[in-house]
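Q: Generate a structure from the sequence data that follows.
(one chain, ligands or ions: 1)
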Amino acid sequence: MEKKFGNLKIIVAADYDGLSATAADIIAGQIAAKPDSVLGLATGSTPIGTYRALVEKHKAGLDFSRITSFNLDEYFPIKQSNDQSYMYFMRENLFAHVNINPANINIPSGEVADAKAECAAYEAKIAVKGLDLQLLGVGNNGHIGFNEPCDFFPKTTHHTALAQSTIDANARFFESTDDVPKHALTMGIGTIFQAKRILMVASGAGKADIMQKLFFGPITPQVPGSILQLHPDVTLVVDKDAATKLEGI
Ligand code: GLP
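A: Take a look at the predicted model:
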């Protein structure tokens, strides 16, 4: 099922596999239309199926050789060799399985001494390249990347403290809550917003409330992803369980 609300297109898939296939089709379409696309990529559990579907498409001929990627965020500090780093995640789930040129892969480094300089350099590199399509998941509290609820929309790539709710949500990936990094480097809301197209994926009943708030509630930095209501080209791909509270669906 597909519905348009102004600049927002909502596609409701039957289940997670359908969501993943749909999101992968959209990304593959972007690559077909512009083989040297700059893709903004995301981590979290939701895009894993999308990456799996993209790997299958690559096996069938989808060419990543001219693609440039910029990931949204990375824990800080963290070693790239740590199996919970987002660099590790991206290698495992996508980069090791497609023909992207390693020189064209960009993820903020959690290993540097100077986080501020790393963020400024990352922002500058994105400004030069531009983002053709940004893939997004969403946190339970409405965060995109690691832009946590706060009193303003952070503009550029920055060093941030994670909300306790995010630390708790991500504890499932670590041995204990104490092991979850408390900080991250993340694209800002302004960085994400300059992407020409936004593709958000959300799955499961746990995301139903935040979906409604994000796209039909007030635009507020307390729900950071709500800013997407102002973006000219947003596609939201959800499964049925995440769509139950969406207005007009
Ligand atoms: C992390 C990432 C976000 C992601 C969120 C949701 O906090 N920084 O980019 O959207 O997790 O993850 P999940 O897809 O597992 O619900």
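Q: Kindly confirm my reading that Ile26 is in a helix.
A: Yes - assessed with DSSP: H, G, I helix; E, B strand; the rest coil, Ile26 lies in a helix.
Q: That one reaches Leu199, doesn't it?
A: Yes - with contact defined as C-beta atoms under 8 Å, Ile26 counts as touching Leu199 (5.6 Å). In short, each C-beta sits where N, CA and C put it, glycine included.
Q: what is in contact with the two at once?
A: Leu133, Thr235, Val237 (C-beta atoms under 8 Å, 6 or more residues apart in numbering).
Q: what about the last one, how many neighbours?
A: For Val237, the tally of surrounding residues (other C-beta atoms under 10 Å) stands at 27.
Q: Show me what whatever helix or strand it lives in is packed against.
A: Using DSSP states H and E, Val237 falls within strand 234-239. Using 3 or more C-beta pairs under 8 Å, 6 or more residues apart in numbering; DSSP states H and E, the elements in contact with strand 234-239 are strand 8-13, helix 16-33, strand 197-202, helix 208-216.
Q: about what we covered before: got the shared contacts of Ile26 and Leu199 as a markdown table, with distance to Ala169 columns?
A: Formatted as a markdown table, the shared contacts of Ile26 and Leu199 follow (distance: C-beta to C-beta, whole Å):
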| residue | distance to Ala169 |
| --- | --- |
| Leu133 | 26 |
| Thr235 | 24 |
| Val237 | 21 |
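Q: give me the beta-bridge partners of Val12?
A: Val238 (DSSP bridges).
Q: sorry, back to before: what's the most buried one of the helices and strands packed on strand 234-239?
A: Across those, the average number of neighbours (mean count of other C-beta atoms under 10 Å) peaks for strand 197-202, which reaches a mean of 24.
Q: That one near the ligand anywhere?
A: No - Strand 197-202 does not reach the ligand (C-beta under 6 Å from any ligand atom); its nearest approach is 7.7 Å.
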